[in-house]
Each structure stands twice: as C-alpha cells, then as structure tokens.
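> here's my sequence, what's the structure:
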Amino acid sequence: MKTTHKVRERFYWDKLKSDVDKWCRTCSTCTARKGPSTRGRLQRYNVGAPFERIAIDVLGPLPQTTNGNKYILVVMDYFTKWPEAYVIPNQEATTVAEALLQDWICRFGVPLLLHSDQGTNFTSAVFTGLMDLLGVTKTRTTPLHPQSDGMVERLNRTILNHLSLFTHRNQNDWDQKLPLFLLAYRSAVHETTGLSPSQMLMGRELRLPCDLLFGRPPDDPSSPVEYLKISRLGWRMFICSPERGSTSTPHA
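Purely as a prediction, here's the structure:
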C-alpha cells in the first residue's frame, strides 16, 4: 500500500495498482523477510505536539561494520512518527545516553516523556541521571507486557527488513545504507496518522531522487507567507479530522 501510494503521487499508467502489487509480491527478497502482520493490543497516550513524547530502543547486535558499528539507537516521535536511527559501536549506557543527547536532544529539544523497555542501558544510573537532570519523565514497559512498546518494535522490524534488501550480499556496510531507509520511511504515509512523517513535521513532502529525474507538479508555495498558510491549514485539517478523534495517539 505504501509503495502504491508513493508511486501514484508521481506517476500514472493503466493498471498501476495491479502492476505495483505484482512487483511487490514477486520480489523474493521482500517476501522472505516479511513476518506475521499481527498487531499488538492498542494503548492510548495523550500526545499533543511534535517531540513531546518519544520512544527509544537499541537494535542489535548486527554484523560489525567496517566502521566498527554493531547497534542502532532507534528513536521515534509518537506524534509525527518521525524516526531517527543512530549507529553506535556498543550498547553501553554511556554510549546510548551520549548519542541521545548529542543527536536527538540537541536537534529536536528535550522531550517531556521518554518510553523505553527494561534494558539495563535505560535503567542505569547514567541514563536515569540524564533524564532527571533534563526533567524528562521516563516510562517503561513491564516485564509481563513488553509488547506495549509496539510502535518502536515495528520500526525495528521494518529497519531489519529494509537493510536486508540493501545488504544481502555485503553485511559490513549496513550503517552506510541506513540513511536511505530513513529517507524512504519519512516520506511514506504512516497508517496511524494517514500522513507521512515529513508532512506531519514539516508540512511538506521530501524531495526524492526520482523527483530530480522526472520533476514534481508545480505546487510549491510562492512565498514564506503562503507556505505558513498552507502549513497551518494542514494542521487544522489533521487536528479536526474524525479519524483522529482526540489528542491521544494509539500506541501498539
């Protein structure tokens, strides 16, 4: 569905949907990596603004790259679904805390709430001390219900699936392919919001490599004022949409 939507934004031909569906079904690498699509039980958390509440996890160990990286620090914003993935050589608490501070917080600001699993790197004195210092309320999954962190778990599976497509022949350069995945994910419509993370965060779609070759419709705003008006209109439409219902965001 995401692939079809992205193709339709830029191209048109007869039987487009059936052609794209067939192409996806016959991709042997894609089919081999796809697992069960069962969703976890939904929970709801009140989230009212971008970067107000984030989820964090460490993915790995993965095959060590030529740059010495074996893990990925995965961070996602609950409101916009904007993902970040930072390659790290180990999952020590100091490494995780430093990456979160320098790469996420220094760029997007301090979140109000941070959700993680029961990993020792997140429950350590170093990490909890950083959260206390910044005034961040930390929540975590319970041992009996680790699936409550389903949003970031699904992102982890998606990362692994896509990296396998890029690196199935060479396992030691996956850290160089990770930015390509992030570009694709940020520009794809998210099933929860009905918009792409880039639309949610920036009010516009990202320019993709194919746009440089084929161009895009001339719908860019003519001035900063027009851009601001379009962004505000989009926010009003999203907030008032019946599908959204309230300021709480499903979390599974």
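
> what's the lengthiest helix in the chain packed up against?
As assigned by DSSP state H, the longest helix anywhere in the chain is helix 150-167. If contacts are counted by 3 or more Cβ pairs under 8 Å, 6 or more residues apart in numbering; DSSP states H and E, helix 150-167 sits against helix 28-33, strand 53-59, strand 71-77, helix 174-186. From N, CA and C alone the C-beta is placed, and that goes for glycine too.

> where does the prediction get shaky in the stretch 1-150 of the chain?
1-3, 5-13, 23-24, 27-47, 143-149 (pLDDT under 70).

> could you pull out the helices for it?
Assigned by DSSP state H, counting those that start in this stretch, the helices in the stretch 1-150 of the chain fall at 2-10, 16-25, 28-33, 93-99, 106-108, 120-123, 125-134, 150-167.

> relative to E205, which of those helices is closest?
E205 lies closest to helix 2-10 among these, at 7.5 Å (Cβ to Cβ).

> of the helices of the stretch 1-150 of the chain, which is nearest E84?
Comparing the helices of the stretch 1-150 of the chain against E84 with Cβ to Cβ, the closest turns out to be helix 106-108 (8.4 Å).

> so what touches that closest one?
Residues outside helix 106-108 that contact it (Cβ atoms under 8 Å, 6 or more residues apart in numbering) are 51, 77.

> 7 Å instead, please
Helix 106-108 is touched from outside by F51, with contacts defined as Cβ atoms under 7 Å, 6 or more residues apart in numbering.

> so the longest helix of the chain versus strand 53-59, what angle?
Angle between the axes of helix 150-167 and strand 53-59 is 50 degrees (criterion: axes from the mean of the first three to the mean of the last three Cα atoms, to 10 degrees).

> distance of S116 relative to D211?
Applying Cβ to Cβ, to the nearest Å, the value for S116 to D211 is 36 Å.

> same thing with L130?
For L130, the distance to D211 (Cβ to Cβ) stands at 40 Å.

> which of S116 and D211 has more neighbours?
Neighbours per residue, other Cβ atoms under 10 Å: of S116 and D211, the larger number sits with S116, 23 against 13.

> quick one: residues contacting A93.
Taking Cβ under 7 Å, 6+ apart, one finds 121, 124, 126-127 in contact with A93.

> returning to that earlier point: got a markdown table for the helices and strands packed on helix 150-167, with mean neighbour count and distance to R154 too?
Shown next, in a markdown table, are the helices and strands packed on helix 150-167 (neighbours: other Cβ atoms under 10 Å; distance: least, Cβ to Cβ, whole Å):
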| stretch | mean neighbour count | distance to R154 |
| --- | --- | --- |
| helix 28-33 | 12 | 14 |
| strand 53-59 | 23 | 11 |
| strand 71-77 | 23 | 10 |
| helix 174-186 | 18 | 11 |
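
> for S196, find the nearest of these.
For those, distance to S196 was read as Cβ to Cβ. The smallest value, 6.7 Å, belongs to helix 174-186.
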